[in-house]
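S.K.: A structural model of the following input is requested.
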Amino acid sequence: MPVEFASKVLTDGVASVQYLPQILRLLPWAALVYALRWFFGGQSNKVDRVMHGKVVMVTGGTSGLGAAIVDDLASKGAQIILLVRSTHDSWLVDYISDLRARYRNTLIYAEECDLSSLHSIRVFCTTWLDNSPPRRLDSIVLAAGIMAPPFSARTLTKDGVEAHWGIDYLANYHFLTLMLPALKVQPPDRDVRVLVATCPAYMMGELDLNDPEFLQRGYPARRPWLVYGAAKIALMSLVAELQRQLDGYKRPDGMPMNVKIYSVDPGIMRSPGSRRWLSLGSVVGLFVYLVMWPVWWIVLKSTGEGAQSFLAGLYDPDFSRGQGGGLIRECRISPFRKPEIDSDVLGEQLYEISKLQVEQVEKEAALARARQKKQQSQQNDSDATKTAAKGGDSETGGADGATDNSAPKQKKGDSEGKKVAFTDDVDVDDKTETSATETPKSASKRRPRKKKA
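M.R.: Residues are numbered from 1 along each chain as shown. Predicted coordinates:
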C-alpha cells in the first residue's frame with residue numbers, strides 16, 4: 001500500500017490523491033504548533049527513585065501543581081500526608097479514596113493545617129513533634145499559595161495579615177521554622193529534601209522589610225503582582241537563610257547535615273490559580289479565557305509539565321549532594337534573577353522581622369480566642385440560668401394549680417408553653433390540674449361503675 005501510494009503521487013502528481021494538497025498546506029503549521037508546544041512545555045525529569053516507605057508532606061496537594069506532584073508520588077508508593085484546611089470535607093474523602101484505589105496505595109492521609117491561621121500551623125507541628133522516637137520524614141513539598149487577580153480587593157488571613165504575605169510567605173516561614181527540629185533529628189543516612197514553590201513573578205516584586213504588607217504604600221489592586229512577587233522574594237531569601245542555618249548546625253553524632261532545601265520555579269502553568277488570574281476572577285473573563293484556550297494550551301505548561309522540576313528535586317541524587325538553598329528551574333539549578341535574594345544580610349534581617357511578626361500575630365490571636373472563649377462561657381452560664389429559672393417557675397405553677405381551686409382552669413390549647421396533660425375521661429367535678437411530668441391517676445377510679453343486673 002505505501003509503495004502504491006508513493007508511485008501514484010510520483011507518476012500522477014500530488015493532485016491525484018484526494019485531500020493531499022490540503023494536508024500538505026497545513027503540515028507546516030502543524031509542525032510549528034508542535035515545536036512551540038515542545039518549547040513551552042519545558043524540560044522533563046528523566047530520573048527515577050524508589051519512594052516506597054518514604055514519608056512526604058505536601059501542602060496544596062489537592063489541586064493544580066500539588067495534585068500533579070501527589071499523583072506521581074502515589075504511583076511510586078510513597079506515604080503521603082496531605083496538609084489541608086479542613087478534614088471535614090466529603091470531596092477530600094473521595095479524592096483520597098480515588099488515589100488509594102487507582103495506585104493501590106493505602107498510605108495516603110490528610111491532616112488539618114490551615115495556612116491562613118498560624119495557630120492551626122502550630123497545632124499541627126507541635127502534634128507532629130510530640131512523639132518519641134521522632135517520626136520519619138523524608139521530604140516536604142510546599143506547593144500551596146494564592147495569587148489575587150488584578151482589580152481585586154485586598155484580602156486578609158484569619159489572623160488579619162495581608163493574604164499574599166500571610167499565606168505565601170509567613171505561613172511557610174512559621175511551618176518550616178517549627179518543623180526544623182523534625183528535620184534535624186532524621187538519621188544521617190536519610191536523604192531529606194524540602195522543596196518550596198516560587199514563581200517567575202518574583203522578578204516583578206517590590207520587597208520592603210519596613211512595609212511588607214503594603215500598608216504604608218497602599219495595596220496595588222491594579223498591580224497585585226507587586227505584593228505577590230514581594231512575598232516570593234522573601235520566601236526564596238528565607239530558603240537560602242534556612243539552608244545556611246542547617247549547614248551551620250552541628251549534629252550530636254558528628255555527622256554532616258543531610259537536609260537540603262530548595263526553591264522551585266515550575267514556570268507558568270494552566271493551573272486553577274493562573275486561570276483565575278487570567279480571567280480576572282470574573283465570568284466574562286472566564287469566557288474570554290475559554291475562547292483563547294488554544295493559545296493558553298500552546299504557551300502555558302500543564303500542571304504535569306510544571307511538576308517536572310519538583311520531581312527532579314525529589315528524585316535526582318545530584319540535588320542531595322548539592323549546596324542547597326538555590327533555585328531549581330527546568331530540572332536544574334538556575335541563578336536568581338534578583339541577586340539580593342542570596343544576601344546574608346537580607347536573610348538575617350528577614351528572619352528576625354518574621355519572628356517578631358509571628359510572635360505578635362500569635363499573641364493577638366490567642367487574646368482573641370481567650371475573649372471568645374470567655375464570652376461563650378458567659379453565654380452558656382446565662383442560658384443555664386434562664387433554663388433553671390424557667391424550670392423553677394414551672395414547678396411553682398404546678399403546685400399552685402394543685403392547691404388553689406380558685407384559679408381559672410386553663411383551656412385546651414392555651415397552655416402558654418407549659419406542658420399540660422388532658423384526659424377525656426376526667427370527671428367534671430374534679431378541678432385538680434394534672435402536670436405532664438406527673439404520673440396520672442388510674443382512670444378506673446374516675447369512671448362510674450356499672451350497676452350489676
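S.K.: Let's check: the centremost residue of this protein is which one?
M.R.: In the chain, the residue lying closest to the centroid (C-alpha atoms, centre = their mean) is Val84, at 4.2 Å.
S.K.: What is the burial count for Val212?
M.R.: No Val there; residue 212 is Pro. 22 (other C-beta atoms under 10 Å). C-beta coordinates here come from the backbone N, C-alpha and C atoms, glycine included.
S.K.: gap between the residue lying closest to it once chain neighbours are set aside and Leu82?
M.R.: Nearest residue to Pro212, sequence neighbours excluded (C-beta to C-beta, 6 or more residues apart in numbering): Trp165, at 5.4 Å. Taken as C-beta to C-beta, to the nearest Å, the spacing of Trp165 relative to Leu82 amounts to 24 Å.
S.K.: go on, Ala68?
M.R.: Counting by C-beta to C-beta - Ala68 and Leu82 are separated by 14 Å.
S.K.: same deal with Met147?
M.R.: Spatial separation of Met147 from Leu82 under the definition C-beta to C-beta is 21 Å.
S.K.: So which of the two has more stuff around it?
M.R.: With neighbours defined as other C-beta under 10 Å, Met147 and Leu82 compare such that Leu82 has more, 24 against 21.
S.K.: Mind telling me what element the more buried one is part of?
M.R.: When secondary structure is defined using DSSP states H and E, the element that contains Leu82 is strand 79-84.
S.K.: who does that strand pair up with?
M.R.: strand 55-59 (parallel), strand 108-112 (parallel) (DSSP bridges).
S.K.: Could you list the residues in contact with that strand?
M.R.: Residues outside strand 79-84 that contact it (C-beta atoms under 8 Å, 6 or more residues apart in numbering) are 53-59, 61-62, 70, 73-74, 92, 96, 107-113, 115, 124, 144.
S.K.: just the helices in the stretch 101-250 of the chain please.
M.R.: 118-129, 163, 171-184, 225-247 (DSSP state H, counting those that start in this stretch).
S.K.: ok now do Asp265, which residues does it touch?
M.R.: By C-beta under 8 Å, 6+ apart, the residues touching Asp265 are 198-200, 309, 327-329, 334.
S.K.: Walk me through the domains of the chain.
M.R.: Under the assignment automatic domain parsing, the domains of the chain span 2-40, 51-266+301-364.
S.K.: Need the winner for burial among those domains.
M.R.: With neighbours taken as mean count of other C-beta atoms under 10 Å, the domains of the chain reach their highest mean count in domain 51-266+301-364, at a mean of 18.
S.K.: and the end-to-end length of that domain?
M.R.: Distance across domain 51-266+301-364, first residue to last, is 42 Å (C-alpha to C-alpha, to the nearest Å).
S.K.: what mean pLDDT does it have?
M.R.: For domain 51-266+301-364, the mean per-residue pLDDT is 93.
S.K.: Against Ala388, how distant is Ser382?
M.R.: As for Ser382, its distance to Ala388 is 11 Å (criterion: C-beta to C-beta).
S.K.: Kindly report the same for Ser44.
M.R.: In this structure, Ser44 and Ala388 are 71 Å apart, going by C-beta to C-beta.
S.K.: before we move on, what about Lys355?
M.R.: 49 Å.
S.K.: With Ala67 instead?
M.R.: Using C-beta to C-beta, we find Ala67 at a distance of 54 Å from Ala388.
S.K.: same question, Gly229
M.R.: According to C-beta to C-beta, Gly229 stands 60 Å off from Ala388.
S.K.: ok, Gly304 touching Ala68?
M.R.: Yes: at 4.9 Å, Gly304 counts as touching Ala68 under the criterion of C-beta atoms under 8 Å.
S.K.: what's the longest helix in the protein?
M.R.: Ranked by residue count under DSSP state H, the longest helix found in the chain is helix 344-403.
S.K.: can you give me how far that helix is from the chain middle?
M.R.: 27 Å (C-alpha atoms, centre = their mean, to the nearest Å).
S.K.: what helices or strands is it leaning on?
M.R.: helix 118-129, helix 171-184, helix 225-247 (3 or more C-beta pairs under 8 Å, 6 or more residues apart in numbering; DSSP states H and E).
S.K.: ok, the closest residue to Thr155 other than its chain neighbours - contacts?
M.R.: In space, not counting the residues next to it along the chain, Thr155 is nearest to Ala163; the distance is 4.3 Å by C-beta to C-beta, 6+ apart. Applying C-beta under 8 Å, 6+ apart, we find Ala163 in contact with 116, 146, 148, 154-157.
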